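Participant: no sequence on this one, just coordinates:
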């Protein structure tokens, strides 16, 4: 009887020892999990701070570049029929001096404007505080939605797409050939693009009706590398 009791006690101790070892293991795993979670949260918070800092930096850059462009061209924009948005879109709205209806060749009036505008524009955006953070300088061509003789809306859209692309290419070729931007030509060839958008972004009045004259326009638009910097940070987090 004594042996049986001792044997039972020994088995109980082994069972208790087994559960103690398992509980110690579980506690250790829990601590490791908590440590990994804390490290992950710290990394996420750090990367979130980096994204915030990048967003703030590029917002400041955009604001300062807008001010520099506004100061440089404030007196010229009224006579050019141009305007500058805070999103860094420099817009030429006076369709009468841009191109003849349905044509892609620059009118002499628009060439004269570009002779004055573009070298000064390039001088500003290629300053050391801007040039390395600019991803793209887009020349955008926009049209109204109409096309005389088009079979339907789709046909008018395609014809206007061809026209807007031809116009932006002719604009790009002209400004790239200006002698006054020769020093920055290699930088421009890496950043300057021609983008015909047809009637995808027509201008509408307060009633929602399309304004044909204002829809036919050319824009110079600066895109910064903020999106790329933030995407790189996000890739490191994943």
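Facilitator: Perfect, thanks for sending it. Because the structure is predicted, anything quoted here is derived from the model rather than measured.
Participant: Any stretches of this structure with poor pLDDT?
Facilitator: 1-29, 32, 36-58, 226-238 (pLDDT under 70).
Participant: where along it do the strands fall?
Facilitator: Secondary structure of the chain, counting by DSSP state E: strands at 82-84, 89-92, 134-142, 192-196, 217-224.
Participant: would you turn those strands into JSON lines with distance to residue 153 and mean neighbour count?
Facilitator: For glycine as for every other residue, the C-beta is placed from the backbone atoms N, C-alpha and C. Converted to JSON lines, the strands of the chain look like this (distance: least, Cβ to Cβ, whole Å; neighbours: other Cβ atoms under 10 Å):
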{"stretch": "strand 82-84", "distance to residue 153": "29", "mean neighbour count": "17"}
{"stretch": "strand 89-92", "distance to residue 153": "25", "mean neighbour count": "18"}
{"stretch": "strand 134-142", "distance to residue 153": "17", "mean neighbour count": "20"}
{"stretch": "strand 192-196", "distance to residue 153": "18", "mean neighbour count": "18"}
{"stretch": "strand 217-224", "distance to residue 153": "21", "mean neighbour count": "21"}
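Participant: Nearest residue to the middle of this structure?
Facilitator: In the chain, the residue lying closest to the centroid (Cα atoms, centre = their mean) is residue 223, at 5.2 Å.
Participant: Now that it has come up, it's in contact with residue 134, right?
Facilitator: Yes - Residue 223 is within contact range of residue 134, at 7.3 Å (criterion: Cβ atoms under 8 Å).
Participant: now the helices: where do they sit in the protein?
Facilitator: Ranges of helices in the chain, per DSSP state H, are 2-73, 77-80, 108-125, 128-131, 153-176, 185-191, 212-215, 226-237.
Participant: quick one, which of the strands of the chain is nearest to residue 75?
Facilitator: Evaluated with Cβ to Cβ, the strands of the chain place strand 82-84 nearest to residue 75, the distance being 11.4 Å.
Participant: Off-centre distance for that closest one?
Facilitator: Relative to the centre of its chain, strand 82-84 is centred 20 Å away, using Cα atoms, centre = their mean, to the nearest Å.
Participant: Show me what it is packed up against.
Facilitator: helix 2-73, strand 89-92 (3 or more Cβ pairs under 8 Å, 6 or more residues apart in numbering; DSSP states H and E).
Participant: Outside of the last one itself, list whatever touches it.
Facilitator: The set of residues external to strand 89-92 that reach it, using Cβ atoms under 8 Å, 6 or more residues apart in numbering, is 69, 73, 80-85, 98, 110, 113, 121, 217-221.
Participant: again, 6 Å this time
Facilitator: Identification of contacts with strand 89-92 by Cβ atoms under 6 Å, 6 or more residues apart in numbering yields 82-84, 217-221.
Participant: what lines up beside it in the sheet?
Facilitator: Paired with strand 89-92 in the same sheet, following DSSP bridges, are strand 82-84 (antiparallel), strand 217-224 (antiparallel).
Participant: Format the ones you listed as JSON lines; extra columns: distance to residue 156.
Facilitator: Formatted as JSON lines, the strands paired with strand 89-92 follow (distance: least, Cβ to Cβ, whole Å):
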{"stretch": "strand 82-84", "distance to residue 156": "27"}
{"stretch": "strand 217-224", "distance to residue 156": "18"}
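Participant: Just tell me which of the ones you listed ends up closest to residue 103.
Facilitator: Closest approach to residue 103 among the strands paired with strand 89-92 (Cβ to Cβ): strand 217-224, 13.5 Å.
Participant: what's the burial count for the residue nearest to residue 211 when sequence neighbours are not counted?
Facilitator: Closest residue to residue 211 apart from its sequence neighbours, by Cβ to Cβ, 6 or more residues apart in numbering: residue 203 at 4.7 Å. Residue 203 has 16 neighbours, counted by other Cβ atoms under 10 Å.
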